[in-house]
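Asker: here's a sequence, model it:
(one chain, ligands or ions: 2)
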Amino acid sequence: MNMLELTAQPLTNEAFAPFGDVIDTRTAEYFHINAGRTRRYHDLARVETLGDEARALISIFVSQPVTLPLTLDFLERHPLGSQAFMPLHEERFLVVVAPPGETIDPAGMRAFVTDGRQGVNYRAGTWHAIQSVLEREGEFLVVDRGGPGDNCDEHPLAARISLA
Ligand SMILES: NC(=O)N[C@@H](O)C(=O)O
Ligand code: NI
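Answerer: Ligands and ions are numbered 1, 2, ... in the order given. From the prediction side, this is the model:
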């Protein structure tokens, strides 16, 4: 299997649009609630929970940092639901994705690096690397789909991800 080499680019809303949503108050609209004390950054990402008895889960991931370059031997997808990761302490992380589909075209793969203020929401079926925090232990709020059915497929590949 050929090793694909990718250099992670800064994450932007536009570049990530084919894969899901970037969660970032700096690029989002808000309105005031709670007698003006609160800015509500409303409906920043679409939560998908497909199939009978599906429900949204709220979890916390505490992840150990990856070493660079990051070597990947698979990407995974969740066909029955979205999956969102929001850092709780401005942790930076790698985002490696490919568009939904039964196979992965290496030419369609993209690698991004977040800036600490960004979270991501993978839409259902988007191929992605598992959570890959940089530099230090990371704590993430995770919103994804629970319920019956197989919601995690793996696709083997060989890739090495570097920072510029
Ligand atoms: N397995 C799990 O809950 N996490 C992965 O889906 C991931 O994307 O990190
Ligand atoms: Ni996942």
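Asker: how much space separates the residue lying farthest from the centre of the chain from His42?
Answerer: Relative to the C-alpha centroid of the chain, counting by C-alpha atoms, centre = their mean, Ala35 is the outermost residue, at 33.7 Å. Per C-beta to C-beta, to the nearest Å, Ala35 is found 17 Å from His42. No exception for glycine: its C-beta is placed from N, CA and C like everyone else's.
Asker: now swap in Gln64 and tell me
Answerer: Counting by C-beta to C-beta, the gap from Gln64 to His42 is 34 Å.
Asker: quick check: mean pLDDT of the longest strand seen in the chain?
Answerer: For the chain, the strand reaching the highest residue count under DSSP state E is reported as strand 153-163. The average pLDDT within strand 153-163 is 98.
Asker: up against ligand 1, what does this protein have?
Answerer: 76, 83, 128, 130-131 (C-beta under 6 Å from any ligand atom).
Asker: who's in contact with the residue nearest the centre of the chain?
Answerer: The residue lying closest to the centre of the chain (C-alpha atoms, centre = their mean) is Val120, at 4.3 Å. Contact analysis of Val120 by C-beta atoms under 8 Å, 6 or more residues apart in numbering lists 11, 16, 19-23, 84-85, 95, 114.
Asker: 10 Å - rerun?
Answerer: 11, 16, 19-24, 45, 83-87, 93, 95, 97, 112, 114, 126, 128 (C-beta atoms under 10 Å, 6 or more residues apart in numbering).
Asker: strands paired with the longest strand of the chain, and their directions?
Answerer: strand 4-10 (parallel), strand 70-77 (antiparallel) (DSSP bridges).
Asker: reformat the ones you listed as TSV; add mean neighbour count and mean pLDDT.
Answerer: Conversion of the strands paired with strand 153-163 to TSV gives the following (neighbours: other C-beta atoms under 10 Å; pLDDT from 0 to 100):
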stretch	mean neighbour count	mean pLDDT
strand 4-10	15	98
strand 70-77	18	98
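Asker: columns distance to Glu102 on top of these, output as CSV?
Answerer: Listed next are those as CSV, based on distance: least, C-beta to C-beta, whole Å:
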stretch, distance to Glu102
strand 4-10, 19
strand 70-77, 10
